[in-house]
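In: quick one: sequence and predicted model below, then my questions.
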Amino acid sequence: MKIVLIKTGALGDVVRTTSIALGLQRQFNASITWVTDKNAIPILNLDGISFVNCEENGWQFGDYDWVINLEDDLKWCKIASTLTVERRSGGLSDDLGNRYYSDDLSEWFGMGLLARDKNEANRLKKANQRTFYEMLYDGLGLERPVLRPKIAYTANDWYGDLANFVAGHVGINTGAGARWKYKKWGEEQTAELCKKIHSTGLTPLLIGGIEEEQRNARIAELAGDCAVTVSTYRLADFAALISKLRLLVTSDSLALHLATAQHIPVVAFFGPTSGSEIDLFGLGEKVETELPCGRCYLSDCNIRPHCMESITVDRMWTAV
């Protein structure tokens with residue numbers, strides 16, 4: 001069977017979708033063409049899967065049996081609807097440009113932007129207790145067990161003294177992208193957690209890319225001499241850094257999925273997004289806000305304390 005899989009972003013979602021691709025390979029002995037973000041390709045060197053830069057053309061004229069589109073924007077829904085295939089799953093559109101989703105993946109897409117009734121979608125999102133993997137595996141007819149996400153990248157010049165320094169310490173990923181302001185834990189809270197970790201003899205490492213440099217510098221100053229900042233600028237370097245950690249403390253983000261893909265223990269915290277959708281594959285602990293308004297998926301909030309402020313240092317320390 002020849003399958004074209006469309007999943008271009010966000011990068012954390014791309015990483016977790018490797019579980020779906022591996023399940024398709026196992027179930028159908030499938031040849032998979034995966035259309036994705038060019039920035040993700042360096043860590044997706046998986047056997048039997050052809051990765052295509054989503055900005056390129058030509059792949060649309062391939063010979064496929066099944067298109068699976070896990071994106072909900074109109075561009076990809078149109079493309080998924082016009083390919084010559086026997087089966088279509090995921091986001092689609094009609095001739096008038098109205099987007100909809102296939103019945104087989106209705107459980108997942110029915111909680112998202114393509115749902116006709118947004119209030120009902122939000123209610124389902126808040127009440128849901130099933131992981132992304134369970135919903136996608138069941139919808140696509142994939143047998144259990146769910147396969148752990150997997151990444152594969154080529155070792156580069158990041159390895160060396162920095163890798164040796166990172167090894168065995170606790171990474172704290174302080175970023176979470178720009179979409180949800182309150183996916184990030186507070187700076188003062190993070191600094192206090194760093195002090196507790198440091199008291200055990202371990203070094204807390206404030207990790208991230210260029211977007212987190214100033215934030216991490218402020219947290220390090222608040223923590224005194226109890227934390228070290230480590231910045232990376234390439235996705236493969238960030239994945240390599242995480243692979244050396246003893247433990248990762250992180251929001252619902254790319255770092256979380258890079259850790260589970262590499263068997264690194266995780267403490268993951270959740271406020272505006274759903275912890276139920278995430279499977280840590282037995283590798284760690286989830287810390288979720290206890291506020292009833294959690295899982296709101298809002299970009300901003302006027303409630304105080306907001307969901308991240310409600311997660312205390314003591315709760316996070318217990319999980320660590």
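Out: The structure has been received and is ready for your questions.
In: next one: phi and psi at the closest residue to residue 107 other than its chain neighbours?
Out: In this structure, residue 107 finds its nearest non-sequential neighbour in residue 135, 4.8 Å apart by C-beta to C-beta, 6 or more residues apart in numbering. C-beta coordinates here come from the backbone N, C-alpha and C atoms, glycine included. For residue 135, the backbone dihedrals (degrees, to the nearest 10) come out as phi -70, psi -40.
In: before we move on, what about residue 171?
Out: Backbone phi and psi, for residue 171 under degrees, to the nearest 10, turn out to be phi -90, psi 140.
In: and residue 287, that's in a strand?
Out: Yes - counting by DSSP: H, G, I helix; E, B strand; the rest coil, residue 287 is found in a strand.
In: what residues are up against the residue lying closest to it once chain neighbours are set aside?
Out: In this structure, residue 287 finds its nearest non-sequential neighbour in residue 269, 4.4 Å apart by C-beta to C-beta, 6+ apart. Contacts here follow C-beta atoms under 8 Å, 6 or more residues apart in numbering; on that basis residue 269 touches 185, 249, 250, 251, 252, 286, 287, 288, 308, 311, 316.
In: would TSV of those residues with secondary structure and neighbour count be doable?
Out: What follows is the contacts of residue 269, written out as TSV (DSSP: H, G, I helix; E, B strand; the rest coil; neighbours: other C-beta atoms under 10 Å):
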residue	secondary structure	neighbour count
185	coil	25
249	strand	32
250	strand	26
251	strand	23
252	coil	24
286	strand	15
287	strand	21
288	strand	20
308	coil	23
311	coil	22
316	helix	21
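In: what comes up buried for the helix or strand bottoming out on mean pLDDT in the chain?
Out: Of all helical and strand segments in the chain, the minimum by mean pLDDT, DSSP states H and E falls on helix 161-166, at a mean of 79. Residues 162, 166 are the ones in helix 161-166 that count as buried (16 or more other C-beta atoms under 10 Å).
In: next one: stretch 22-29
Out: Residues of stretch 22-29 classed as buried under the neighbour-count rule (16+ other C-beta under 10 Å) are 22, 23, 24, 25, 28.
In: now swap in stretch 49-68 and tell me
Out: Result for stretch 49-68 [16+ other C-beta under 10 Å]: buried residues 49, 51, 52, 54, 59, 64, 66, 67, 68.
In: check what contacts the host helix or strand of the second one and list those residues.
Out: In other words, residue 51. Element membership of residue 51, judged by DSSP states H and E, is strand 49-53. For strand 49-53, the surrounding residues in contact (C-beta under 8 Å, 6+ apart) are 21, 25, 31, 32, 33, 34, 35, 36, 38, 41, 44, 59.
In: of these, closest to residue 298?
Out: residue 36 (27.8 Å; C-beta to C-beta).
In: what about that closest one, neighbour count?
Out: 20 (other C-beta atoms under 10 Å).
In: ok, it touching residue 44?
Out: Yes - here residue 36 reaches residue 44: they are 7.0 Å apart, a contact under C-beta atoms under 8 Å.
In: what pairs with the helix or strand that the residue nearest to residue 287 is a member of, parallel or antiparallel?
Out: Here residue 269 is covered by strand 266-270, with elements defined by DSSP H and E. With DSSP bridges as the test, strand 266-270 is paired with strand 247-251 (parallel), strand 284-288 (parallel).
In: only C-alpha atoms, please: export the first one in CSV.
Out: Read it as strand 247-251. In CSV, the C-alpha atoms belonging to strand 247-251 read as follows (Å, rounded to 0.1, in the frame of the first residue of the first chain):
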residue,chain,number,x,y,z
LEU,A,247,15.3,14.1,33.5
LEU,A,248,13.4,16.7,31.5
VAL,A,249,10.9,19.2,33.1
THR,A,250,8.8,20.7,30.3
SER,A,251,5.6,22.2,29.2
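In: pLDDT score assigned to the nearest residue to residue 104 once chain neighbours are set aside?
Out: Counting by C-beta to C-beta, 6+ apart, the nearest residue to residue 104 once its immediate chain neighbours are dropped is residue 139, at 4.7 Å. For residue 139, the pLDDT comes out at 98.
In: please apply the same query to residue 167.
Out: Note on residue 167: pLDDT of 86.
In: surely it touches residue 244?
Out: Yes - between residue 167 and residue 244 there is a contact at 4.5 Å, judged by C-beta under 8 Å.
In: show me which of these two is the more surrounded one.
Out: Counted by other C-beta under 10 Å, residue 167 and residue 244 do not tie: residue 244 has more neighbours, with 20 against 12.
In: now do the same contact list for the more buried one.
Out: 163, 166, 167, 168.
In: pretty sure the first one is in contact with residue 240, am I right?
Out: This means residue 163. Yes - in this structure, residue 163 is within contact of residue 240 by C-beta under 8 Å, at 6.9 Å.
In: find the nearest non-adjacent residue to residue 276, please.
Out: residue 129 (4.9 Å).
In: against which helices or strands is the biggest helix by length in the chain packed?
Out: Longest helix of the chain, by residue count under DSSP state H: helix 11-28. With contacts taken as 3 or more C-beta pairs under 8 Å, 6 or more residues apart in numbering; DSSP states H and E, helix 11-28 sits against strand 2-6, strand 31-36, helix 132-140, helix 254-261.
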